[in-house]
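Undergrad: output the structure for:
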Amino acid sequence: MKKYIVLISLLSVQLAFSQAPVTGKIKSNVEVMEVRSGKRQVILTAGYLLESPNWSRDGKYFIINSKGLLEKISLKGESLGVVDTDFANRCNNAHGISYDGKSIFFSYNDVRAGINNNSRIFKVPIEGGTPLLLTEKAPSFWHSVSRSGKNILYSAQRNGEWDIYKLPTAGGDEIRLTSTTGLDEGPEYGHDSKFIYFNSNRTGRMQLFRMKPDGTDQERLTDDEFDNWFAHPSPDGKWLVYMSYLEDQKGTHPLGKEVKLRLLNLKTKQVKDLTETFVGGQGTLNVPCWSPDGKKIIFVTYKVE
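TA: So this is what the prediction gives:
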């Protein structure tokens, strides 16, 4: 079966939503890659910062963070307009679509929650509208929604500790799923919501883990010399695609570093490189990235001049 990846590199803008401040000109290219063969095709070149693209549930367009807004992009790289998020004009690079295709979840740098560390999670209809606040506490960064749509997963800092939380979409108290010392980040449900995949530096370098939906049976999946971030399970449940920093980032995921994308076989635990080394990091692969048919993924690379 052919598999594809959509890739983005970037030109000319200040990186307002990155972990570390980076100034300079950034070149942005959107590419499609056939995972099995490595064949790539450029579908878009942009002169501004684009971050964290993901596929629509019908596979007909992408949603990407563009200058703090959520923009729809066609499969040919054409702009389809901006999703109306009303007052939320400082969206960061954490967003995704419900399995029924009716809602968009996103994180917004909300000054009502403070000047710094103010990201909170909202929900808006897929056609746009007035956002509904889901997380009162900040900072909170959305990462995944269950197949049933009943729960979301996010990383959050509470009392100085970064952990993974679950929250009912209908409302209620947040549930802490991890409590190990260190940074736990990037949670995402598997295709059937039986596992949650995430990354953690609890053992030193950032590595990939998984656990059951209630936070039990936490299991390490990778053990190598890289800093591994943002594990995204394929729709058929057989693969994880993720981003690896070549150097130890000490618990951060900054932009402008040498990274590559890798593919983990969940049955054999074998790993292979999907790309050569490129400049990336924050914004490259933060959110769910597979196409609905499991043949493609979308991601971002950067060139800072």
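
Undergrad: alpha carbons only for contacts and neighbour counts from here, please
TA: Fine.

Undergrad: who does whichever helix or strand residue 230 is part of touch, helix- and strand-wise?
TA: According to DSSP states H and E, residue 230 maps onto strand 227-233. Counting by 3 or more Cα pairs under 8 Å, 6 or more residues apart in numbering; DSSP states H and E, the packing neighbours recorded for strand 227-233 are strand 184-189, strand 196-200, strand 207-211, strand 239-245.

Undergrad: at 10 Å what do you get?
TA: Applying 3 or more Cα pairs under 10 Å, 6 or more residues apart in numbering; DSSP states H and E, one finds that strand 227-233 contacts strand 184-189, strand 196-200, strand 207-211, strand 239-245, strand 257-265.

Undergrad: surely residue 70 touches residue 86?
TA: No. Residue 70 lies out of contact with residue 86 (Cα atoms under 10 Å); the separation is 11.2 Å.

Undergrad: the two: which has the busier surroundings?
TA: residue 70 (29 against 11; other Cα atoms under 10 Å).

Undergrad: quick revisit: quick check: mean pLDDT across the strand holding residue 230?
TA: For strand 227-233, the mean pLDDT works out to 97.

Undergrad: who does that strand pair up with?
TA: strand 239-245 (antiparallel) (DSSP bridges).

Undergrad: is residue 168 in a bridge, and if so with what?
TA: Residues in beta-bridge contact with residue 168 (DSSP bridges): residue 151.

Undergrad: enumerate every residue touching it.
TA: Neighbour list for residue 168: 134, 145-146, 149-153, 174-175 [criterion: Cα atoms under 10 Å, 6 or more residues apart in numbering].

Undergrad: just those: which are in strands?
TA: Secondary structure from DSSP state E places 145, 151-153, 175 of the contacts of residue 168 in strands.

Undergrad: list buried residues within those residues.
TA: Among the ones in strands among the contacts of residue 168, those scoring as buried are 145, 151-153 (criterion: 16 or more other Cα atoms under 10 Å).

Undergrad: just to revisit the earlier point, reformat the contacts of residue 168 as CSV; add pLDDT.
TA: Formatted as CSV, these follow (pLDDT from 0 to 100):
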residue, pLDDT
134, 98
145, 98
146, 97
149, 96
150, 97
151, 98
152, 98
153, 98
174, 98
175, 98
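
Undergrad: ok so, going back, the strand holding residue 230 vs strand 196-200, what angle?
TA: Strand 227-233 runs at 170 degrees relative to strand 196-200, counting by axes from the mean of the first three to the mean of the last three Cα atoms, to 10 degrees.

Undergrad: next one: strand 227-233 to chain centre, how far?
TA: 9 Å (Cα atoms, centre = their mean, to the nearest Å).

Undergrad: from now on call the first residue 20
TA: Yes, from this point I'll number from 20; that puts the last item at strand 246-252.

Undergrad: run the angle between it and strand 276-284 for me.
TA: 40 degrees.

Undergrad: so strand 246-252 versus strand 203-208, what angle?
TA: Using the same axes, to 10 degrees: strand 246-252 against strand 203-208 is 10 degrees.

Undergrad: do you know how far the nearest residue in space to residue 259 that is not next to it in sequence is from residue 101?
TA: For residue 259, ignoring the flanking residues on the chain, the nearest one in space by Cα to Cα, 6 or more residues apart in numbering is residue 252 at 4.4 Å. Going from residue 252 to residue 101 by Cα to Cα, to the nearest Å gives 28 Å.

Undergrad: these two: which has the busier surroundings?
TA: residue 252 (27 against 17).

Undergrad: give the buried residues for stretch 177-197.
TA: 181-187, 193, 195-197.

Undergrad: first-to-last residue distance for it?
TA: 12 Å.

Undergrad: equivalent analysis for stretch 145-160, please.
TA: End to end - Cα to Cα - stretch 145-160 spans 19 Å.

Undergrad: same check on stretch 72-83?
TA: End to end - Cα to Cα - stretch 72-83 spans 4 Å.

Undergrad: surely residue 70 meets residue 81?
TA: No. Assessed by Cα under 10 Å, residue 70 is found out of contact with residue 81, at 11.4 Å.

Undergrad: got any residues that touch both of the two?
TA: residue 89.

Undergrad: and those two? Which one has more around it.
TA: Counted by other Cα under 10 Å, residue 70 and residue 81 do not tie: residue 70 has more neighbours, with 31 against 23.
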